[in-house]
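Peer 1: Here is my input, please return the structure:
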Amino acid sequence: MASPPPSPLTTNSAASAPPDTSNKPAAPPVNILPTQLATTYSYIHPAALLSAFAARFPALVNDPVSEMAQQLPFLALAHVAYVMICLPAAGTDSATNAAATPTSPSTPTAATSSASSTTTTTGSTTNGNVILRPGRVGRRRTKDSSSSSSSTASAISGRVVASLLSLTLTTLLATPVLSILLILFGAPFTTHHARTVLCAAHMAILSSLALVYVHGVDGNVWKEVWGAKRPGDVVWGGALGTCVGAWLGAVPVPLDWDRPWQAYPITLLTGAYVGFVLGSVLGRSVLFGKRVRFEEGEDVKKVD
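Peer 2: From the prediction side, this is the model:
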């Protein structure tokens, strides 16, 4: 018995169904650059930030506005050096992974076929680095030192430009956004404007500079960042730790302990610095590669 023809409604609904994104490959976590300098400085930087903040804490209690304004350029310079030395710039990590992906030996490539045809036509043979041609003495190729030095200089200049652009975007975009969020979470709206802006600037450098440097301005990646879908790493852990630490640091402000360090925004800034250090350490160790998964239909969050 022949089966009935498919219904037009069923066909249209199947054709218009959204693509299944459940099998979409997961975005890899960000790794520290595999150099001895990057590995060493990635441990020195958080410890140095926290030590400098602890040393200047009495001055911060005495005059928060002046101290935050004086320390902001040093924080920006230290964090720019950190991202340049330790983190891959946007676009370079994927290019490296693509270049490092080996091709199948059984699959002939255009370069292989071209080389074989050239060898067959001219009768020349290549063995290692020695180039043999009919009627000519074999010579060994040498590395051009000028080209290697120029490539190194271009790589360094590219990192400098990327870090400065990231700092500019962080200052112009992240600082106003964090200032508004601080006010929405209870910061004074009609007073203490300088304290709010300076606290937001410190938090922006701690949380957003590395994110912009590593992920660029790709909209899909930033949707994952704001949706907490990125895997745990040193960049995401530092940003999340900064925000959570500042949020927890606001707890002592309204308490009636009458301590000088309770003044706004001293405890918020302290929590942001401590949260950045803890988040960076946990992001590169315990939580590396972990991600939060939100299950539809259930009010349950899973951390894989």
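
Peer 1: Where does the prediction get shaky in the stretch 101-250 of the chain?
Peer 2: For the stretch 101-250 of the chain, residues meeting the criterion pLDDT under 70 lie at 101-150.

Peer 1: What segments of it are helices?
Peer 2: With DSSP state H, counting those that start in this stretch as the criterion, the stretch 101-250 of the chain has helices at 110-122, 145-169, 175-184, 193-215, 219-226, 234-249.

Peer 1: So which elements touch the second one?
Peer 2: The elements that helix 145-169 packs onto, with contact taken as 3 or more CB pairs under 8 Å, 6 or more residues apart in numbering; DSSP states H and E, are helix 64-86, helix 193-215. In short, each C-beta sits where N, CA and C put it, glycine included.

Peer 1: Turn those into TSV, including mean neighbour count.
Peer 2: Compiled in TSV, the helices and strands packed on helix 145-169 are given as follows (neighbours: other CB atoms under 10 Å):
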stretch	mean neighbour count
helix 64-86	17
helix 193-215	23
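
Peer 1: who's in contact with stretch 44-52?
Peer 2: By CB atoms under 8 Å, 6 or more residues apart in numbering, the residues outside stretch 44-52 that reach it are 71, 74-75, 78, 81-82, 86, 273-274, 276-277, 280-281.

Peer 1: circling back: which among the helices and strands packed on helix 145-169 is found nearest to residue 164?
Peer 2: helix 64-86 (7.4 Å; CB to CB).

Peer 1: then that closest one to PDB, C-alphas only?
Peer 2: Output in PDB follows, covering the C-alpha atoms of helix 64-86 (Å, rounded to 0.1, in the frame of the first residue of the first chain):
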ATOM      1  CA  PRO A  64      40.000  58.000  47.700                       C
ATOM      2  CA  VAL A  65      39.600  60.300  44.700                       C
ATOM      3  CA  SER A  66      43.300  61.500  44.600                       C
ATOM      4  CA  GLU A  67      44.600  58.000  45.200                       C
ATOM      5  CA  MET A  68      42.400  56.300  42.500                       C
ATOM      6  CA  ALA A  69      43.300  59.000  40.000                       C
ATOM      7  CA  GLN A  70      47.100  58.600  40.700                       C
ATOM      8  CA  GLN A  71      47.000  54.800  40.500                       C
ATOM      9  CA  LEU A  72      44.900  54.600  37.300                       C
ATOM     10  CA  PRO A  73      47.700  55.300  34.800                       C
ATOM     11  CA  PHE A  74      50.000  52.700  36.500                       C
ATOM     12  CA  LEU A  75      47.200  50.100  36.500                       C
ATOM     13  CA  ALA A  76      46.600  50.800  32.700                       C
ATOM     14  CA  LEU A  77      50.300  50.500  31.900                       C
ATOM     15  CA  ALA A  78      50.700  47.300  33.900                       C
ATOM     16  CA  HIS A  79      47.600  45.700  32.400                       C
ATOM     17  CA  VAL A  80      48.700  46.600  28.900                       C
ATOM     18  CA  ALA A  81      52.000  45.000  29.500                       C
ATOM     19  CA  TYR A  82      50.200  41.900  30.900                       C
ATOM     20  CA  VAL A  83      48.000  41.400  27.800                       C
ATOM     21  CA  MET A  84      50.900  42.000  25.400                       C
ATOM     22  CA  ILE A  85      53.200  39.500  27.100                       C
ATOM     23  CA  CYS A  86      50.800  36.800  28.200                       C
END
